[in-house]
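>>> okay, here's the prediction I keep looking at, along with the sequence it came from:
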Amino acid sequence: MRPLGMVNGEIVDINANVVPMEDRGHQFGDGAYEVTRVYNGRCFALKEHMDRMYRSLRELRIPITYTFDELAEFHERLIKESGITEGGIYLQITRGVAPRAHNFPDTVVPRLTMSIRPVGTGAALTAVRENGAKIIFVPDERWLRCDIKSLNLLGNVLGKQKAKEAGCFEAVMIRDGFVTEGTSSNMFIVRDGVLWTHPANNLILKGVTRTFIVEKIAPELGIPVIEKAFTPEFAKGAAEAFLSGTTTEVAPVIAIDDAPVSDGRVGPITRKIQKAYIAMIDAECSR
Ligand code: PDD
C-alpha cells in the first residue's frame, strides 16, 4: 500500500516534481478540484463528484478534455496500483501551462493531476463522528463564487487554522450575519424537528453529501428540510447540529464557540442521518 500521484493519466511517485513553474493553477489558483472517498477499494459517489467537476470547469471556462469514463478509469487505476482500499482521491484540473498573464492564454491545454492517500482510519475522525465535534464561528472572508470548487482556498485555510488553534474540529463561516458553511463541510441544524441548511447558491459549495441528505436521506426518514440561511444565534439555540462532507461524512456538533448545543450530546436525528449515510456507502461500496 503506497500513496501515488498521476499527471495527465500517467502514474507518478507521490513526491515527483511535476508542477511546471508556469502552471496557472500554481500561479493563479486557476483551476478546480474534487475529493472522492474510497471505501473497500471502490469510489463512493464518483459520478456526482465528476458532474460537479465539470460544472466547476464550465463556470471557470476551462475546456473539458477528459470524458467521465476516462476519469473513472484514472480513479480505478490509482486504487489498483496503490493497493489503498480506504482512502481519498484528490483530482485537480488547471487551465494549463503558459507564460504568466492574467487573461486566458490563446492556446493552452488543461492539466490534470491526481493523488491517492489512505484516510478514514484515523482515531480522531472516528471519535468526532461518534462523540461529536466542537466548532467555532469565524467571519466568511471568501469570494462570491463559493459554488465553484476552485483551487483558491485561502479563506478556508485561514478559517480551519483558527479552528485548530481553538482546539476545534471545524470553523463555520458567517457572512452578513448568516451561517454559510464550514471550511471543508456543510452545516445543518435541527430545530423543532426541522432540518435547516444554507440554500445552495453562490455563497456555499453544494456538497455531494449535503445533496444526499437533503434529497434522499431526510425525505426517506420523513424529516422536513428547509434550505434557508439562519443566524449564528439561531444555530446556538438548535436542538442538534452536524456537519457533512466527503471526508467528514456526518459529524455531530456538540459545542459552538465553547457553549454546548442543547445538552451537549449527539442528537437522535443526527444519529439517524449518520446511520443512513453509512448505509448508502455500504450499499454502493458493499463493505
Ligand atoms: N471539501 N463546503 C466546502 C467549502 C468544502 O470544501 C466541502 C468539501 C464541502 C462538502 O462537500 P462534499 O460533501 O461534496 O465533500 C462543503 C473537500 C472534502 C475538501 O476540500 O477536502
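Cool, the structure landed.

>>> all contacts plus neighbour counts: C-alpha atoms, from now on.
Noted.

>>> run through who's touching the lowest-mean-pLDDT helix or strand in the chain.
Every helix and strand in the chain was compared by mean pLDDT, DSSP states H and E; the lowest is helix 123-131, with a mean of 89. Helix 123-131 is contacted by residues Gly120, Thr248, Val250, Ala251, Pro252, Arg265, Val266 when judged by CA atoms under 8 Å, 6 or more residues apart in numbering.

>>> mind listing the helices for the stretch 151-287 of the chain?
In the stretch 151-287 of the chain, the helices defined using DSSP state H, counting those that start in this stretch lie at 154-165, 208-212, 218-221, 232-236, 268-285.

>>> please see if the first one touches the ligand.
No. No part of helix 154-165 sits close enough to the ligand to count as contact by CA under 6 Å from any ligand atom; the gap is at least 6.9 Å.

>>> which positions in this protein make contact with the ligand?
Checking the chain against the ligand by CA under 6 Å from any ligand atom, the hits are 35, 182-186, 205, 207-210, 244-247.

>>> run the last query once more with 8 Å
Contacts of the chain with the ligand, taken as CA under 8 Å from any ligand atom, map to 34-36, 49, 146, 149, 156, 181-186, 204-211, 244-249.

>>> in strands, which of the residues you listed fall?
Glu34, Val35, Thr36, Glu181, Gly182, Asn186, Ser244, Gly245, Glu249 (DSSP state E).

>>> looking at those, which is nearest the ligand?
Among those, Gly245 lies closest to the ligand (CA to the nearest ligand atom), at 3.5 Å.

>>> centroid-wise, who is the farthest residue in this structure?
Asp106 (32.0 Å; CA atoms, centre = their mean).

>>> that older thread, who wins for neighbours among the contacts of helix 123-131?
Neighbours here mean other CA atoms under 10 Å. Within the contacts of helix 123-131, the largest count is held by Val250, at 30 neighbours.

>>> pLDDT score for the closest residue in space to that one that isn't next to it in sequence?
Taking CA to CA, 6 or more residues apart in numbering, and ignoring the residues beside it in sequence, Val250 has Ser244 as its nearest neighbour in space, at 4.7 Å. Note for Ser244: predicted pLDDT of 98.
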